[in-house]
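A.B. asks: Let me see the structure of the following:
(2 chains)
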There are 2 protein chains.
Amino acid sequence: MTLNETHDLSLKSWVESANDGVTDFPIQNLPFAIFRRRGAFEDFRGGVAISNQVLDLSLLVQQVALSGMAHAAAHAASQSSLNEFMRMGDQAWSALRLALSRGLRVGASEEVIWQKCLIPQSEVEYALPAWIGDYTDFYTSIHHATNVGKLFRPDQPLMPNYQWVPIGYHGRSSSIVVSGHDIVRPRSQLKAPNDTTPKLGPSQKLDYELELGAYIGVGNELGESVAIDDWTQHVFGLCVLNDWSARDVQAWEYQPLGPFLSKNFATSVSPWIVTIEALQPYMQDWQRPSDHPQPLDYLDSERHRATGALNIDLDVWLQTKLMREQNQWHHVSHGNYADAYWTLAQMVAHHTINGCNLQAGDLLGTGTQSGPELVQAGALIELTTNGQQPLQLPNGETRGFLCDGDSVKMTATCVREGFARIGFGEVVGTILPALVC
Amino acid sequence: MTLNETHDLSLKSWVESANDGVTDFPIQNLPFAIFRRRGAFEDFRGGVAISNQVLDLSLLVQQVALSGMAHAAAHAASQSSLNEFMRMGDQAWSALRLALSRGLRVGASEEVIWQKCLIPQSEVEYALPAWIGDYTDFYTSIHHATNVGKLFRPDQPLMPNYQWVPIGYHGRSSSIVVSGHDIVRPRSQLKAPNDTTPKLGPSQKLDYELELGAYIGVGNELGESVAIDDWTQHVFGLCVLNDWSARDVQAWEYQPLGPFLSKNFATSVSPWIVTIEALQPYMQDWQRPSDHPQPLDYLDSERHRATGALNIDLDVWLQTKLMREQNQWHHVSHGNYADAYWTLAQMVAHHTINGCNLQAGDLLGTGTQSGPELVQAGALIELTTNGQQPLQLPNGETRGFLCDGDSVKMTATCVREGFARIGFGEVVGTILPALVC
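C.D. replies: Coordinates of the predicted model:
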């Protein structure tokens, strides 16, 4: 996969608002989602974002014949989930991207017909873009691992394995929801350090986690491994992901087998998947600081050192119930995915080194992305030191952790001189009160 | 769900070998699987075991009309996975069980037609019985938790949460395989305590874990919980499960987020699912020793104390490559599921107390079942004290952990005075050498 005509900054679309330099979805992006008209009695199907519109792939394949592989790919991508399209592999992904890029350009002969396949994003609702068989969550930010480790294990914030192993664990697939789905505050056993016994109650330390999610396109057979340099043939694309977390539940339950009820009540994903090909211009060199252990061979390669990191800006926004009345959002933090200690390529290579099979539609979370400065942290537990130093909001409210009625919004954006600015859209969720105990 | 005519010890089948008192599958059992003729170009479909035969439900529903709900249930159960049947709920499960029990009894008018729907088990192969969305593995044997805890954390074998929380974690669905599937020895990072750095290599401490698996039939909505007394409406049935484990990988990777590559390379399940209704006679009273903390209210009920435990004998057998030539198996250990510290009912109630949604086909592992005596342990790491006191096999071989070519077989059986002996069949797997590093 290399830079090609679809990445050209000078490309303009006949969808004029796509050329404003501000939209997340210029013609250089072309992310995929599953959608339908909001509330309509119609099937969910695949679509591509261009500015504030969705190009309905189901309508498109009915009305026009794309060239061979692009047509087969568009047909697969027009189904009610993207799994079949994901499974087709990077040649098909590229062929469709090129056809879409050409058809949406200023001067394209397709304009009149394709115009009829556009639906305003304001009129649609989204479903999960894929049927997700397995969800794995990693822990790739050393800053997050250190910040949280200090709170949970002051004597040993960073485990001895952290600098060697891209730590990950299995998450829950069934409770992954698409952006906009409300989140019921979980209840579970809680036990403060000084309590003698636990009790059942609603989490008092409900938090978000700022992550990216990577959808697997092409899987591997059980018993086989994916080499680090092959990752772009296996990963289809990325979304923004909020891995809601109940910190008090986690503290009591997580030893020795890891997080369970503290995480599996909900994970939110953005509807749009930005493809690896669209992200090509924002890949950059990766290196491990020279005073850190260098990765083992299966997690290292020349190509990876040249292109393994991804320059993606990440932002978190908070809106309380009061702020909603004024339609205000508070910008909580800013980070960048290039600060991750372990890359997507390393996540895929590690996940499969033992022969574990990945499948089309599987989701890999990057783990909370926190920057080197505490204000760049991707979770409240870090930003507020476990709730002890609450956030001060502009309207005078404070937050140690999330309150009922709070909404959290996350965005991701790629910016590089000489290339278009592209974005991921957003993932948003609002907290509902817990069930009565 | 109560005892009914299908549990009657005096029932005899016109499949005469079902009445021999030895088969795992007398007419009182009637477990479900997905099968086809071995190597045939035909679809997998649902079947029911009777003695050494499979009753082909796909053929059955083509040839005969069962009564209303039983027919709809048989139709659903004749598909290529049991998910749809599982989703129908306990009334449908019971209706089909009753119809099958009556049709298979001595003197049934159906005998001539149903005879044509039988296929010898020796001529079939099995698929996974359900599409498994999420796999959760629990840790319900306090004996196992204590034995393993002593090895990994001598200072604190049993975590303070163990007696309060039915500890569980998310496993990997994609690598669940049906009995008979070979297991490739996993490779991953390994680091002995005295090594200064880890290295990539094949696991040297490959182990099995003796478990039962419970398939969810009827799920719950995200944000809602299943009450402890409702578990039999949600759990469809049980299988025998071997959760293969790489102990050296686990020791290096498991902190702080739990097991990952040490487990997700393979989990084997028996093809047959014994239904909760078939297990009814083997439910028995459950109690927590009076000097242990009593469970919180959501994990406790009068009915649960009366019927929450399951009396199921569990056995492990080992066959080395040398022993295979003599067709010998060595009986390694024996245990009973009634020794579990946390029950299936408690697993379901805990898993959903935070609103996590279970779905038809989800699999819950009980965790390794070890008895109070060390010889009853359900894993080699316990039986051999982490490999230091190897098993002595009858032919003079020894085993600390599993070698390439070794096969492990697990069985489960229910025996109770006044009721039929029923069994689960077996789950078996053989170790293949690792990929070259």
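
A.B. asks: okay, CA-based contacts and neighbour counts for the rest of this
C.D. replies: Fine.

A.B. asks: which residues does residue A:132 contact?
C.D. replies: Residue A:132 is in contact with A:173, A:361, A:362, A:363, counting by CA atoms under 8 Å, 6 or more residues apart in numbering or on different chains.

A.B. asks: Enumerate the residues of the stretch 151-300 of chain A near chain B.
C.D. replies: With CA under 8 Å from any CA of the partner chain as the criterion, the stretch 151-300 of chain A meets chain B at residues A:159, A:161, A:164-165, A:167-175, A:183-184, A:186-189, A:198-200, A:222-224, A:252-261, A:264-266, A:296.

A.B. asks: Nearest residue to residue A:22 in space, please, no chain neighbours.
C.D. replies: Using CA to CA, 6 or more residues apart in numbering or on different chains and skipping the chain neighbours, the partner closest in space to residue A:22 is residue A:421 (7.6 Å).

A.B. asks: State the pLDDT value of that neighbour.
C.D. replies: Looking at residue A:421, its pLDDT stands at 98.

A.B. asks: so who does the residue of the stretch 1-150 of chain A at minimum distance from chain B touch?
C.D. replies: When distances are taken as CA to the nearest CA, the stretch 1-150 of chain A approaches chain B most closely through residue A:133, which lies 6.0 Å from it. Applying CA under 8 Å, 6+ apart, we find residue A:133 in contact with A:173, A:359, A:361, A:362, B:133, B:134, B:173, B:174.

A.B. asks: pretty sure the first one contacts residue A:135?
C.D. replies: Read it as residue A:173. Yes - the pair residue A:173 / residue A:135 is scored as a contact, 5.4 Å apart, by CA atoms under 8 Å.

A.B. asks: quick one: pLDDT of residue A:155?
C.D. replies: We note a pLDDT of 88 for residue A:155 in this prediction.

A.B. asks: quick check, it in a helix?
C.D. replies: No - under DSSP: H, G, I helix; E, B strand; the rest coil, residue A:155 falls outside any helix and is assigned coil.

A.B. asks: and the gap between it and chain B?
C.D. replies: In this view, residue A:155 and chain B are 14 Å apart by CA to the nearest CA, to the nearest Å.

A.B. asks: Dump the helix or strand of chain A with the lowest mean pLDDT to CSV, restricted to CA.
C.D. replies: Using mean pLDDT, DSSP states H and E, the weakest-scoring helix or strand in chain A turns out to be helix A:142-152, at a mean of 92. Taking only C-alpha atoms (Å, rounded to 0.1, in the frame of the first residue of the first chain), the coordinates of helix A:142-152 have been written out as CSV:
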residue,chain,number,x,y,z
ILE,A,142,2.9,3.7,28.6
HIS,A,143,1.8,7.1,30.0
HIS,A,144,-1.7,5.7,30.8
ALA,A,145,-0.2,2.5,32.2
THR,A,146,2.1,4.4,34.4
ASN,A,147,-0.5,7.0,35.6
VAL,A,148,-3.1,4.3,36.4
GLY,A,149,-0.5,1.9,37.8
LYS,A,150,0.5,4.6,40.3
LEU,A,151,-3.0,4.7,41.6
PHE,A,152,-3.7,0.9,41.7
